[in-house]
Structures are given as C-alpha cells and as structure tokens.
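Asker: Okay, sequence plus prediction incoming.
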Amino acid sequence: MKKILVTGAVGQIGSELTFALRKKYGEDKVIATDIRMPSDRDLRDSGPFEFLDCLDPHHITRVMQIHKADTIFHLAAVLSAIGETKPNQAWQVNVNGLYNILEAARQYHCSLFFPSSIGVFGNSTPKQNTPQETIQRPLTMYGVTKVTGELICNYYHKKFGLDSRGLRFPGIISYETEPGGGTTDYAVDIFFEAIKHKSYTCYLEKNCSLDMMYMPDAIRAMIELMEADPDNLKHRNAYNLTATNFTPAKISEEIKKHIPEFEISYQIDPARQAIADSWPDSIDDSCARKEWGWNHKYGIESMTKDMLDKISEKIARADKSQ
C-alpha cells in the first residue's frame with residue numbers, strides 16, 4: 001500500500017482507521033475523505049483531507065486524479081438502525097456508492113477493502129457457530145445492501161481481476177467516536193453511561209447474545225487482511241470475523257466488577273430487537289484464522305477494563321479543558 005484513500009473517514013471506524021494507517025504508512029500517504037468536515041482537529045490536520053461524495057463519480061475521479069491512490073478502504077455507509085428508517089438512502093449510499101468506488105478502483109487499478117457485516121445473515125441462517133458459507137436472507141435493508149456488496153465485489157474480482165477484500169464485522173466497540181446508528185451501539189453507550197451515571201437503560205433484551213469486537217482488533221484485522229498474500233485468500237470478499245460474544249446482562253456484570261454500584265435496566269426497542277434477533281448468536285471465523293492468520297487480542301475482560309480506563313481518561317481531559 002503506497003497511497004491509501006479512506007472514504008467515510010469521519011465515521012466510527014473510518015476515523016480510527018485513518019489514524020492507524022497514517023501511523024503505519026506515513027501521514028502524507030493516507031487521504032481521508034467524507035461528506036462531512038471532521039470536527040476532530042487531529043484528524044483534519046494530521047494528513048490530507050478531501051470532501052468526497054461517493055454518490056458523485058466526478059468527485060471520486062477528481063480525488064483519484066489528484067492523489068493517485070493505489071488502495072481504497074471504502075467505509076462510507078448507512079448503518080443498520082438508520083437504514084430501517086431510511087431504506088432508500090441506505091441503498092443509495094451502500095450499493096450505488098460502492099459501485100462508483102468499484103468503478104474507480106477498476107479504472108485506477110486499486111486494491112479495495114469493503115466492510116460487510118453479520119447483518120448479511122437472517123432467520124434462516126444457522127444461529128450458532130454460523131458457517132463461512134451459508135444461507136444469506138437478511139431481513140433489513142442494511143443486510144440486503146451488504147449481501148449485494150459482497151456479491152458485486154466478488155463479481156469485480158472474477159470479471160476484472162480487481163483485488164477486492166472484505167470482512168463481515170460483528171458489533172464494533174470503541175471509546176473514541178460516537179455511535180453511528182448501529183443495532184449493537186448499546187455496547188458502546190453502556191460504558192459511557194456506567195462512568196457518567198452509574199446506570200444504563202438498554203434497548204435490547206438482557207439475554208440477547210451477539211458477537212462483538214474491540215476497535216483495536218477491528219483496525220488490525222482490516223490492515224492485516226489487506227497485507228495478506230492474495231494467493232491464500234479463498235473467501236476474499238466476505239470473511240466471517242469475531243473476537244468475543246456477550247449479552248447485555250453479561251457485559252453489565254463485567255462492568256460491575258470495576259464499578260460495583262452500576263445498575264442496568266431494560267426498555268426494549270422492538271425495531272432494534274427485531275434486527276438483533278435476525279442475526280446469529282455466534283459465528284465461525286475459522287476461515288479467516290486459517291487463510292490469513294487472524295487472531296483477536298481482546299476478550300470481554302481485557303476490553304472492559306481498557307474501555308473504562310480510556311473513557312475515564314477522556315472525560316477527565318474534557319473536564320480539565322473547560
């Protein structure tokens with residue numbers, strides 16, 4: 001990767017990926033792009049930033065001609081909960097936007113990373129230890145767009161020889177950026193509320209089991225996949241990926257080990273609960289581990305401790321600066 005373009009760089013994953021790529025490859029080698037200007041001065045000032053609307057091919061062409069990227073991390077997307085309230089926007093951004101980026105990658109001979117999701121699965125998918133290759137009948141527009149993305153990326157690889165690669169992410173947990181409208185966002189909010197208010201009202205049922213991943217593992221997985229030997233990649237556009245698995249009740253118990261007075265209550269959101277219920281309880285990521293050496297570093301205990309430590313430090317800095 002000589003010069004890297006990141007779309008959706010202001011988002012939850014994109015912002016942290018941009019910092020990691022700049023640290024690894026050099027600040028001037030990573031072009032952050034989004035339809036929003038970053039409020040984070042560090043993101044804005046640490047390297048090149050361009051306004052880019054993935055729905056406008058002319059925007060994409062201009063940025064590609066200026067910066068001559070050879071690798072694209074395409075993270076611009078509408079997430080699951082928002083996608084259900086704005087299905088047309090989800091299709092436009094997640095499918096048409098990806099198509100425009102694929103065309104740019106083909107034209108300018110770029111490698112492409114595309115993030116998929118456990119949202120590609122539905123009620124007819126095996127719920128336990130979901131296989132790499134299985135039935136994909138999602139019940140959400142977000143899931144439909146991600147299945148479409150997997151298929152079109154695979155088509156571009158087979159038809160045009162495009163070096164496209166992707167991961168099916170579980171819920172991503174981070175202390176850096178605000179949640180962006182995902183069904184698993186409770187697993188981020190709960191930490192902030194535990195520190196600020198010692199309580200949290202959860203919108204998912206207490207025993208709703210979902211696979212999760214701490215952001216440092218997710219960032220590392222993306223970079224490692226893009227650095228992997230292409231000859232080893234048999235499932236290159238949609239690797240199952242996971243790190244840990246828990247329910248709201250289980251993560252609250254883990255938080256109580258550090259904040260004994262913490263209490264959780266439940267006010268179920270039927271829409272988000274229905275989305276969560278359509279996803280697997282757990283997935284099998286053995287193909288990723290076998291084909292390119294994936295191995296997570298953070299489990300529920302180490303993630304919980306690090307999240308609470310980092311959020312406490314973040315709040316303390318904010319209070320001090322006021």
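Answerer: That came through fine.
Asker: count of residues packed around the spatially closest residue to G143 that is not a sequence neighbour?
Answerer: Excluding the flanking residues, the one nearest G143 by Cβ to Cβ, 6 or more residues apart in numbering is G119, at 4.0 Å. Where you see a C-beta, it was placed from the backbone N, CA and C, and this is true even at glycine. G119: 29 surrounding residues under other Cβ atoms under 10 Å.
Asker: go on, N96?
Answerer: Neighbour count for N96, taken as other Cβ under 10 Å: 13.
Asker: Kindly report the same for N207.
Answerer: N207 has 9 nearby residues by other Cβ under 10 Å.
Asker: Show me the strands in the stretch 1-150 of the chain, by range?
Answerer: In the stretch 1-150 of the chain, the strands defined using DSSP state E, counting those that start in this stretch lie at 4-7, 30-34, 49-51, 71-74, 111-117.
Asker: could you redo these as TSV and give each row mean neighbour count?
Answerer: Below are the strands of the stretch 1-150 of the chain laid out as TSV (neighbours: other Cβ atoms under 10 Å):
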stretch	mean neighbour count
strand 4-7	28
strand 30-34	26
strand 49-51	16
strand 71-74	25
strand 111-117	24
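Asker: what about the closest residue to D56 other than its chain neighbours, how many neighbours?
Answerer: Distance criterion Cβ to Cβ, 6+ apart; nearest residue to D56, sequence neighbours excluded, is N100 at 7.7 Å. The local packing of N100 (other Cβ under 10 Å) involves 21 other residues.
Asker: separation between N100 and T61?
Answerer: When distance is defined by Cβ to Cβ, to the nearest Å, N100 is 9 Å away from T61.
Asker: Contacts for the worst-scoring helix or strand of the chain on mean pLDDT next, please.
Answerer: One helix or strand of the chain scores below all others by mean pLDDT, DSSP states H and E: helix 41-45, with a mean of 82. Helix 41-45 is contacted from outside by A9, V10, S15, T18, F19, A32, M37, P38, F49, using Cβ atoms under 8 Å, 6 or more residues apart in numbering.
Asker: now for those residues, which pair is the farthest apart?
Answerer: Maximum pairwise distance among those (Cβ to Cβ): 16.7 Å, between F19 and M37.
Asker: Which one of those two is surrounded by more residues?
Answerer: Counted by other Cβ under 10 Å, F19 and M37 do not tie: F19 has more neighbours, with 21 against 11.
Asker: check contacts around N154.
Answerer: Applying Cβ under 8 Å, 6+ apart, we find N154 in contact with S164, R236, N237, A238.
Asker: Report the distance from the top helix by length along the chain to the chain centre.
Answerer: In the chain, taking DSSP state H as the definition, the longest helix is helix 300-321. Its chain's average C-alpha position is 21 Å from that of helix 300-321, according to Cα atoms, centre = their mean, to the nearest Å.
Asker: Let's check: the centremost residue of this protein is which one?
Answerer: With distances taken as Cα atoms, centre = their mean, I13 lies nearest the centre of the chain, 5.4 Å away.
Asker: ok, it touching A77?
Answerer: No. If you go by Cβ atoms under 8 Å, I13 and A77 don't touch, sitting 9.4 Å apart.
Asker: what is in contact with the two at once?
Answerer: Counting by Cβ under 8 Å, 6+ apart, the common neighbours of I13 and A77 are P115.
Asker: ok, now how distant is K127 from I135?
Answerer: To I135, K127 is 11 Å away according to Cβ to Cβ.
Asker: Helices of the stretch 51-200 of the chain, residue ranges please.
Answerer: Using DSSP state H, counting those that start in this stretch, the helices of the stretch 51-200 of the chain run over 57-67, 80-85, 87-91, 97-107, 141-160, 186-197.
Asker: Point out the other helices and strands that the third one packs with.
Answerer: Under the contact criterion of 3 or more Cβ pairs under 8 Å, 6 or more residues apart in numbering; DSSP states H and E, the helices and strands touching helix 87-91 comprise helix 80-85, helix 141-160.
Asker: just the CA coordinates of stretch 305-322, formatted as PDB?
Answerer: The C-alpha trace of stretch 305-322 is given here as PDB (Å, rounded to 0.1, in the frame of the first residue of the first chain):
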ATOM      1  CA  LYS A 305     -11.000  -2.700  31.600                       C
ATOM      2  CA  ASP A 306      -9.500  -0.800  28.700                       C
ATOM      3  CA  MET A 307     -12.800   0.800  27.700                       C
ATOM      4  CA  LEU A 308     -13.400   2.000  31.300                       C
ATOM      5  CA  ASP A 309      -9.900   3.300  31.600                       C
ATOM      6  CA  LYS A 310      -9.800   5.100  28.300                       C
ATOM      7  CA  ILE A 311     -13.300   6.700  28.800                       C
ATOM      8  CA  SER A 312     -12.400   7.900  32.300                       C
ATOM      9  CA  GLU A 313      -9.200   9.500  30.900                       C
ATOM     10  CA  LYS A 314     -11.200  11.100  28.000                       C
ATOM     11  CA  ILE A 315     -13.800  12.600  30.400                       C
ATOM     12  CA  ALA A 316     -11.100  13.800  32.700                       C
ATOM     13  CA  ARG A 317      -9.300  15.600  29.900                       C
ATOM     14  CA  ALA A 318     -12.600  17.200  28.700                       C
ATOM     15  CA  ASP A 319     -13.400  18.400  32.200                       C
ATOM     16  CA  LYS A 320      -9.900  19.800  32.600                       C
ATOM     17  CA  SER A 321     -10.100  21.800  29.300                       C
ATOM     18  CA  GLN A 322     -13.400  23.500  30.300                       C
END
